[in-house]
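> Compute the structure for the input listed below.
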Amino acid sequence: MVLLVAAALGAVAGVAVDRLSDPVYSAVARIALEPDAYRPAEGGDDAILMPRLRGKLARIAGDDVLAAASPAPADLRSRVAVHSPQGELTADIVVQAASADAAARDANAIARAFADREARDVESRRTAERQEAERRVRLAQAALAQAETALATVQPTVGPEPDRDAPDAEMSRLQRQLDSLRQVADGGPGGADLPESVRTLSERRDAASAELGLLSRTYGPRHPRRVEAARRLAAAEAATRQEATRLVAERQAALDAARAAATQPAAVDPVAPDPVRETAEVARLRAALADASASLDERARSATTAPVALVIAAEPPAVRDGPSEAAYALMGAAGGILVGLFILAVSGLSRLVGQGAGRTEVVLSDVSYSPVELARRGDALRLAPPAEPAERSPAHGADAASEAEPRPERERQPEQGSAAPDRSHDPQVDDAVLRRRERLRRELRDMTARRQAELDGGGAARIMSAEELQRRHDERNGPHRL
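The predicted structure follows:
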């Protein structure tokens, strides 16, 4: 019964704890990155692209994304977690909230904010690439027009009139490349006019930086993987800076030469140009223009791919986090049973201790006593020795018969303040007292005689055996208890 009551109380307490605690709901939104949206039109190395995309996944819960997803980014940061499997371009955005709708709403808001940011970045990069392709087409068209004009106006003694726009366009291109290279040499991102070598080194540097940022969230500053990532980042930065510095010097020299050539007057060539060489140059420029136009048309025809896809939208969870109400009730019942067992154990132990304290120990002793000495001291002779039925005399029988008679009740103690009743004139009481006194005297004489006989016939004191001790004990504690 105690265990049943304790289990019921524990179950009620568990349900109460479950209902009084604040509920927590978790919603999950899964997103995936599309590598084709980030890959350049001329292709690229996946070994460089994949770490860079993994670094983007590590920045899902960044300050700009949270600020765009919620008006309280600090509170949202404490309730969001991002889990991404190693080697994959998917991520789960887990948001906890006090209500199921709020958790799903915040998770979807973070996913949409991250997708919008990546879409803007990809669109800006595509715009820069398209503008670069258009610039190359314009340069190719200008160079082709200049070559065709020169071929059409060939004079036998006078050289062609140089085009003034081509040197200006070339100097502008060199100046843009020079500015971009200087930014890269200073550690900046650079621009769209970077040469292929510097662009590749910059991508490797960005990938190493993203990998280091991702490892910094997981490992400490002295972890071997983080140290190796920092070393690769430093090597990539050094190689990028060295290549950019070298190209800055080359582009500066080319720009200076172009400026010097633009300031010199046109020289008269005494020898007419070779029509065959002019025709080959025009053909080369036409091929370059065709390639640039084809690249521009391909960029215009290419379908726009969203860089981030929302694979699974967050739905309001049906149950809250943690154990259910039944689990809380079961745990409470188990705890109540344990408490009930403890109470029963303590109660039983205290009962055993109480019984042990109240138990009277029985000690058997073989120490003989002398009734004569007891009589000399004046002690009350209330002890009756074990009587032997075979040796009982007729007087003993009469005494036994008298003992069988109903004895008068003990006189009640007079209450305080009242006088004891006077029973000295009762003849029955007097006769019973006299008979008892006579019987006790007779028993005392018999015991004294037996004791004297034992002392006279037994000789000196001796150690009794276990059988003799048991027999004496049985004789003394026979039908009559002392």
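> okay, CA-based contacts and neighbour counts for the rest of this
Fine.
> Please, where are all the strands along the stretch 1-150 of the chain?
The residue ranges that make up the strands of the stretch 1-150 of the chain, judged by DSSP state E, counting those that start in this stretch, are 25-33, 80-83, 90-97.
> Figure out which of those is closest to residue 320.
With distances scored as CA to CA, the stretch of the strands of the stretch 1-150 of the chain nearest to residue 320 is strand 25-33 (4.6 Å).
> Other residues contacting the closest one?
Counting contacts by CA atoms under 8 Å, 6 or more residues apart in numbering, the residues outside strand 25-33 that touch it are 53, 89-100, 103-104, 107-108, 111, 307-317, 319-321.
> How confident is the prediction for residue 438, by pLDDT?
Predicted confidence (pLDDT) for residue 438: 91.
> and the gap between it and residue 352?
Noted for residue 438: a distance of 47 Å to residue 352, by CA to CA, to the nearest Å.
> and the helix or strand where residue 468 lies, average pLDDT?
In this assignment (DSSP states H and E), residue 468 forms part of helix 466-476. Averaged across helix 466-476, the pLDDT comes to 79.
> Neighbours of residue 11, how many?
25 (other CA atoms under 10 Å).
> check contacts around it.
Residues 328, 329, 330, 331, 332, 333, 336 are the ones in contact with residue 11 under the rule CA under 8 Å, 6+ apart.
> let's see it at 6 Å
In this structure, residue 11 makes contact with 329, 332, 333, judged by CA atoms under 6 Å, 6 or more residues apart in numbering.
> likewise residue 214?
Applying CA under 6 Å, 6+ apart, we find residue 214 in contact with 55, 58.
> repeat that for 10 Å
With contacts defined as CA atoms under 10 Å, 6 or more residues apart in numbering, the neighbours of residue 214 are 51, 52, 54, 55, 56, 57, 58, 59, 208, 226, 229.
> how about those in a markdown table, adding neighbour count, pLDDT and distance to residue 78?
Written out in a markdown table, the entries for the contacts of residue 214 read as follows (neighbours: other CA atoms under 10 Å; pLDDT from 0 to 100; distance: CA to CA, whole Å):
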| residue | neighbour count | pLDDT | distance to residue 78 |
| --- | --- | --- | --- |
| 51 | 22 | 83 | 27 |
| 52 | 22 | 83 | 26 |
| 54 | 22 | 84 | 22 |
| 55 | 20 | 83 | 21 |
| 56 | 19 | 84 | 20 |
| 57 | 25 | 84 | 18 |
| 58 | 19 | 81 | 16 |
| 59 | 16 | 82 | 15 |
| 208 | 25 | 82 | 28 |
| 226 | 21 | 83 | 26 |
| 229 | 21 | 84 | 28 |
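> Among those residues, name the ones in helices.
Among these, the members found in helices (DSSP state H) are 51, 52, 54, 55, 56, 57, 58, 208, 226, 229.
> Number of residues surrounding the closest residue to the second one other than its chain neighbours?
Right, residue 52. Leaving aside its chain neighbours, residue 52 sits nearest to residue 207 (4.5 Å; criterion: CA to CA, 6 or more residues apart in numbering). A total of 24 residues lie near residue 207 under the criterion other CA under 10 Å.
> Residue 207 reaches residue 230, doesn't it?
No: shown here, residue 207 and residue 230 do not form a contact pair, counting by CA atoms under 10 Å, at 11.6 Å.
> before we move on, back to that, list just the nearest of the ones in helices among the contacts of residue 214 to residue 146.
Of all the ones in helices among the contacts of residue 214, the one with the least separation from residue 146 (CA to CA) is residue 52, at 43.1 Å.
> how close does the closest one sit to residue 204?
9 Å.
> got it, and residue 81?
Distance of residue 81 to residue 204, computed by CA to CA: 28 Å.
> Residue 90 now?
Separation of residue 90 from residue 204 (CA to CA): 22 Å.
> And for residue 217?
20 Å.
> ditto for residue 95
Distance from residue 95 to residue 204, by CA to CA: 33 Å.
> Residue 110 contacts residue 65, correct?
Yes: taking contact to mean CA under 10 Å, the distance of 6.6 Å between residue 110 and residue 65 places them in contact.
> The two - which one has more neighbours?
For residue 110 against residue 65, the residue with the higher neighbour count under other CA under 10 Å is residue 110, and the figures read 26 against 21.
> where's the closest residue to residue 4 other than its chain neighbours, which helix or strand?
Spatial nearest neighbour of residue 4, excluding adjacent residues (CA to CA, 6+ apart): residue 337 at 7.6 Å. Secondary-structure assignment from DSSP H and E places residue 337 in helix 325-358.
> May I ask which helix or strand of the protein has the lowest mean pLDDT?
With mean pLDDT, DSSP states H and E as the measure, the helix or strand of the chain carrying the lowest mean pLDDT is helix 371-377 (a mean of 45).
> still on that earlier bit, and of the contacts of residue 214, the nearest to residue 135?
Out of the contacts of residue 214, the one with the shortest distance to residue 135 is residue 52. That distance is 28.2 Å, counting by CA to CA.
> check contacts around the closest one.
When contacts are counted by CA under 10 Å, 6+ apart, residue 52 touches 38, 46, 203, 204, 205, 206, 207, 208, 209, 210, 211, 214.
> Buried subset of those, written for ChimeraX?
Command for ChimeraX that selects the buried part of the contacts of residue 52, burial taken from 16 or more other CA atoms under 10 Å:
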select :38,203,204,205,206,207,208,209,210,211,214
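> Which residue in the contacts of residue 52 has the weakest pLDDT?
The member of the contacts of residue 52 with the lowest pLDDT is residue 46, and it reads 70.
> quick one: that residue and residue 40, what's the gap?
When CA to CA is applied, the distance between residue 46 and residue 40 equals 11 Å.
> so residue 16 sits right up against residue 328, yeah?
Yes: counting by CA under 10 Å, residue 16 touches residue 328, with 8.8 Å between them.
> Break the protein into its domains for me.
Under the assignment named as automatic domain parsing, the residue ranges that make up the domains of the chain are 1-23+323-361, 24-312, 371-406+426-476.
> Right, I'll leave it there.
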